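Asks: With the sequence up front, the predicted model follows.
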Amino acid sequence: IMKGEEEGGWPDMNARWGGLVKPDIVFFGEPLPTRFFALAGIPLPEAVALGLEPDFPQCDLLIVMGTSLTVAPFCNLIELVPDTCPRLLINMQPAGLYNPIAAAMSGKRSGLRFRDHSNYRDVFYEGACDAGVWELAALLGWEEELASL
């Protein structure tokens, strides 16, 4: 597929296998669905026309897993939850950290502050996503329910 239209690329695969299957995801460089903007509360006219209530302002707990938090617009989503909403990052390494210089330049409070003395809501679980989810489920008494999925 990565060869594009040249020999051995997607047209050959299509002919050989009788069609292509694309997972229900958005690849890098593809446009995001309008529903994403509506639920994020980003006021694009076509998103507003969907009439959906943004869900980030209603968030009680934000769990972010397996990401570098560097690609927009996703890296900005952590700022759309209320200031009282706890944010948990389950990741192999810290990501999306608060940068006071960038914050001063942009006028935004952007970033996770689990390394900052002013932190009151951000938590970092260092490890694999599966391990972090299992540990969270154990703490909440949800192991059996998770195992049944």
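Replies: Great, that's in hand.

Asks: CA atoms for contacts and neighbours, from now on please.
Replies: OK.

Asks: and the residue most central in space within the chain, what is it in contact with?
Replies: Centroid-nearest residue in the chain: residue 74, 5.5 Å away (criterion: Cα atoms, centre = their mean). With contacts defined as Cα atoms under 8 Å, 6 or more residues apart in numbering, residue 74 has no neighbours.

Asks: again, but for the one 10 residues further on
Replies: Contact criterion Cα under 8 Å, 6+ apart gives residue 121 as the residues in contact with residue 84.

Asks: Any figure for the gap between it and residue 112?
Replies: Distance of residue 84 to residue 112, given as Cα to Cα, to the nearest Å: 13 Å.

Asks: can you tell me how far the residue nearest to the centre of the chain sits from residue 50?
Replies: Taking Cα to Cα, one finds residue 74 at 21 Å from residue 50.

Asks: After the worst-scoring helix or strand of the chain on mean pLDDT, which helix or strand is next?
Replies: Within the chain, no helix or strand scores below helix 100-106, which has a mean of 80 by mean pLDDT, DSSP states H and E. Counting by DSSP states H and E, the next helix or strand C-terminal to helix 100-106 is strand 122-126.

Asks: Okay then, goodbye and thanks.
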